[in-house]
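Peer 1: Next come a sequence and a model predicted from it.
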Amino acid sequence: MKALVWRGTQDIRCETVPDPEIEDARDVVIKVTSCAICGSDLHLYDHFMPGMKSGDIMGHETMGEVVEVGSAAKSKLKVGDRIVVPFTIICGECDQCRRGNFSVCERSNRNKPLGDAAFGHTTAGLFGYTHLTGGYAGGQAEYLREPFSDATHIKVPQGIDDDKLLFLTDIFPTGWQAAVQCDIQPTDTVVNWGCGPVGQMAIRSAILLGAKRVIAIDRVPERLAMAEAGGAEVINYDEEPNIVARLNDMTDGKGPEKCIDSVGLEAHATGAVDAIYDRVQQATLMATDRIHVLRQMIMVCRPAGVLSIPGVYGGIADKFPIGALMNKGLTVRTGQTHVNRWTDDLLRRIEEGQIDPSFVITHTVGLEDGPEMYKTFRDKQDGCIKVVIKP
């Protein structure tokens, strides 16, 4: 089959690789009908995340049709079923899964020693996302093996376009969880940093959950326009010398009650001293993550407010203002998304027409165009916000 494989920093190739096979009784194999490039994939493209090996198949936003079913999965799935594949692989049986904490499933990461060394305790296995999270083949391919399929899958109805359902894999529940973690009240101002695909979903989720006001921060005109179309007030940080002062002005000096970091470890800034410092630290291997956005959130958030962090972080950072965090009594909620906790509700909202997640799609290509689209997406060229691939 054809697949997009990682060959090194900024080196993604479309290559012929062996077809996946059933390896365990709980497996299924699907023929991929749609997949996507995620902002998290760019951390691998630029090699900011450790644990990649040459030849690893990329991708964790995938859906398709079941073509082969393991013996233990036949009670839940059959050939021809249409399924969405969450990026988190879950056993459905461990203590964390029973609690609904699916992104920290205790059994699905088959590289437990690596996970324990990196994070203290192993988290769930993830598709196409380094050997720290199990080294599973990703779904930017013609076919995908789904382990623990009887627990992991999301069965979806016929008659709804892939484009409306594909983002149940990751970005829609990720944006939703980011907003839910804010415990939004009708009087709240919610500020979201980063208007990429996850940020767009977080903005609309905050509005669906009843926020009084949503403010979105980015510098890419197409992203800001999309956020504004979704109901947010927007700030272009290239045009604002002091984001903290601007947000304080917009909230009568009190700061927003809720803040969402939809950026993660590659935060940019225009001329900010701390951002320059972060880049130097990263380049000299003294730190792995750039936390300019996190610092802004901590400083501007209203005392006793909430910081929600769906943006991916990979390792360590410097100059973290823990004194402000502690003394202001801020609550921090973060983590990879517990996808299966949210999908029944989100699928219902799609079916009822409350939201059509396909609004973020700007580019649709074949697998052979995938390597070039990584660069286009990373560099925000051609108005690119979200890339869908049709193998």
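Peer 2: All right, it came through fine. Residues are numbered from 1 along each chain as shown.

Peer 1: Could you report the neighbour count for residue 24?
Peer 2: 13 (other CB atoms under 10 Å). C-beta: built from backbone N, CA, C; applies to glycine.

Peer 1: Could I get the contacting residues of it?
Peer 2: Residues in contact with residue 24 (CB atoms under 8 Å, 6 or more residues apart in numbering) are 70, 72, 147.

Peer 1: Please tabulate the residues you listed in CSV, including the columns distance to residue 382 and pLDDT.
Peer 2: Shown next, in CSV, are the contacts of residue 24 (distance: CB to CB, whole Å; pLDDT from 0 to 100):
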residue, distance to residue 382, pLDDT
70, 42, 97
72, 45, 96
147, 36, 98
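
Peer 1: Just the buried subset of these, please.
Peer 2: 70, 147 (16 or more other CB atoms under 10 Å).

Peer 1: will you turn the contacts of residue 24 into TSV that also has distance to residue 47 and secondary structure?
Peer 2: Below are the contacts of residue 24 laid out as TSV (distance: CB to CB, whole Å; DSSP: H, G, I helix; E, B strand; the rest coil):
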residue	distance to residue 47	secondary structure
70	34	coil
72	37	helix
147	26	coil
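
Peer 1: from the contacts of residue 24, which is closest to residue 376?
Peer 2: Nearest to residue 376 among those is residue 147, at 31.6 Å by CB to CB.

Peer 1: wait, isn't residue 238 in contact with residue 217?
Peer 2: No: contact status for residue 238 versus residue 217: not in contact, 10.6 Å apart, counting by CB atoms under 8 Å.

Peer 1: Looking at the contacts of residue 24, which one is closest to residue 25?
Peer 2: Nearest to residue 25 out of the contacts of residue 24 is residue 72 (CB to CB; 3.6 Å).

Peer 1: From what I see, the closest one and residue 26 are in contact.
Peer 2: Yes: look at residue 72 against residue 26 with CB under 8 Å: they come within range, at 4.8 Å.

Peer 1: got any residues that touch both of those two?
Peer 2: Going by CB under 8 Å, 6+ apart, residues that sit against residue 72 and also against residue 26 are residue 150.

Peer 1: Can you spell out which helices and strands pack onto the strand or helix carrying residue 341?
Peer 2: Using DSSP states H and E, residue 341 sits in helix 339-351. Packing partners of helix 339-351 (3 or more CB pairs under 8 Å, 6 or more residues apart in numbering; DSSP states H and E): strand 154-155, helix 162-165, helix 171-180.

Peer 1: And the next helix or strand past that helix?
Peer 2: Criterion used, DSSP H and E; the element after helix 339-351 is strand 363-365.

Peer 1: most centrally placed residue in this protein?
Peer 2: Residue closest to the average C-alpha location in the chain (CA atoms, centre = their mean): residue 171, at 5.2 Å.

Peer 1: Not counting its neighbours along the chain, what's nearest it?
Peer 2: residue 197 (4.7 Å; CB to CB, 6 or more residues apart in numbering).

Peer 1: Give me the neighbour count for the one you found.
Peer 2: Count around residue 197 with other CB under 10 Å applied: 30.

Peer 1: same thing with residue 13?
Peer 2: The number of residues near residue 13, taken as other CB under 10 Å, comes to 14.

Peer 1: Direction included, what does the helix or strand where it lies pair up with?
Peer 2: Using DSSP H and E, residue 13 falls within strand 11-16. Paired neighbours of strand 11-16 in the sheet (DSSP bridges): strand 2-8 (antiparallel).

Peer 1: List the buried residues in the partner strand.
Peer 2: Under the neighbour-count rule (16+ other CB under 10 Å), strand 2-8 has 2-6 buried.

Peer 1: go on, stretch 284-299?
Peer 2: So stretch 284-299, judged by 16+ other CB under 10 Å, has buried residues 287-299.

Peer 1: which residues touch that stretch?
Peer 2: Here stretch 284-299 has contacts from 48, 191, 193-194, 243-244, 259, 261, 263-269, 272, 274-275, 278-282, 307, 309, 311, 313-321, 324-325, 328, 330, using CB under 8 Å, 6+ apart.
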